[in-house]
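Chemist: Predicted model, plus sequence, below.
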Amino acid sequence: MSNEFSLIVEKRDLKNKSGRKKMFREGNVPGIYYSHDSKESIPFSISKSELLKAQRAETQIYNISVGSKKRNVLFKSVQYHPVTDEIIHIDLYGIKMDQMVSVSVTININGTAKGVVAGGVLVQGLNELEIECLPMNIPQSLDVDISDLDIGDSFRAGDIDLDENLTLKTAEDQIIMSVTQAAKEEEPEVEEVDGEATEDGEETSSSEDSDSGADSADKGETQSEE
C-alpha cells in the first residue's frame with residue numbers, strides 16, 4: 001500500500017523561452033500536469049533535489065499544489081537524457097483516491113532458476129506489469145520467484161499471484177522470464193583427403209605438386225638433350 005509524499009512545484013510560463021534555459025541552469029526540471037477529468041494541462045518546474053527525494057520515497061502517490069488547489073498525482077511519464085541519464089522532463093497525472101487507475105509496476109525477480117544452474121540461459125521479456133487498482137493499493141513492486149524454472153520453462157504474466165485488490169492489465173500470455181538452452185559452439189568440419197585432415201573442406205595438393213615437379217624435370221631434360 002502506498003503512502004503520500006508532498007512535492008514542491010512551481011507553475012511556469014511556456015511563452016518565456018529564456019526562462020526555460022534559466023530553469024535548467026538553476027537545476028530545475030520542466031514538467032506537465034494533467035488529469036483524466038480535465039482537458040487543461042498545467043506546465044510547472046521542479047528542482048532536481050526535490051525529484052531525488054521523490055525517488056527515495058517509498059510511494060507512487062504524491063501531493064502537489066497547482067494554483068490554489070492541492071492535488072494527488074502519479075508520475076505518468078519520465079524522460080531521461082540519452083547520454084547523461086538525467087531526468088529532463090516529467091508528466092504528473094492527477095488522480096482521485098476513490099477511482100481506479102492503471103499503472104505500470106516494476107517486476108522484482110527473486111531466486112535462481114534451476115535451469116540456469118544446469119547450464120541454461122535466463123531471458124527476461126518484461127520489466128514491468130500494468131495493473132489496475134485504487135491509488136492507495138498501488139504496490140512498490142511485484143515479486144516473481146523463478147527458482148522452479150527449468151530449461152524450456154517460461155513464467156508468464158498470468159502466472160503471477162496478485163492480491164485480490166489488483167487487476168492484471170498486461171496480456172496473460174506475455175512472457176516475463178524464460179530459460180533457454182545455451183547455444184553450442186560449432187566446430188569446423190574436418191575432412192580426410194588422401195590420409196590427411198583438412199579444415200573447411202580444403203584439400204591438400206602434395207601429390208599434385210610432386211607430379212607437377214616431375215613433369216617439369218622431364219621437360220628440362222628433353223630441352224638439354226636438344
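Modeler: Thanks, I have it.

Chemist: Skip the chain neighbours and tell me the closest residue to the residue nearest the centre of the chain.
Modeler: The residue at the geometric middle of the chain, judged as the C-alpha nearest the mean C-alpha position with CA atoms, centre = their mean, is residue 127 (6.1 Å). By the measure of CB to CB, 6 or more residues apart in numbering, the closest residue to residue 127 outside its immediate chain neighbours is residue 107, 6.0 Å from it. C-beta here means a position set from N, CA and C on the backbone, and glycine is covered the same way.

Chemist: Need phi/psi at the residue nearest to residue 27 when sequence neighbours are not counted.
Modeler: Spatial nearest neighbour of residue 27, chain neighbours left out: residue 48 (5.0 Å); criterion: CB to CB, 6+ apart. Backbone dihedrals for residue 48, given as degrees, to the nearest 10, come out at phi -60, psi -30.

Chemist: Report the residue ranges of every domain in this structure.
Modeler: Structurally, the chain divides into domains by automatic domain parsing as follows: 4-98, 103-180.

Chemist: For those domains, give me CSV that also has mean pLDDT.
Modeler: Written out in CSV, the entries for those read as follows (pLDDT from 0 to 100):
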stretch, mean pLDDT
domain 4-98, 84
domain 103-180, 94
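
Chemist: is it true that the residue nearest to residue 127 touches residue 130?
Modeler: No: counting by CB atoms under 8 Å, residue 107 sits too far from residue 130 to count as a contact (11.2 Å).

Chemist: More neighbours: those two, which one.
Modeler: When residue 107 and residue 130 are compared on other CB atoms under 10 Å, the one with more neighbours turns out to be residue 107, at 20 against 16.

Chemist: Quick one: residues contacting that one.
Modeler: 126, 127, 128, 129, 141, 142, 144, 176 (CB atoms under 8 Å, 6 or more residues apart in numbering).

Chemist: Please apply the same query to residue 43.
Modeler: Shown in contact with residue 43 (CB under 8 Å, 6+ apart): 11, 12, 13, 14, 30, 31, 32, 33.

Chemist: No further queries at this time; thank you.
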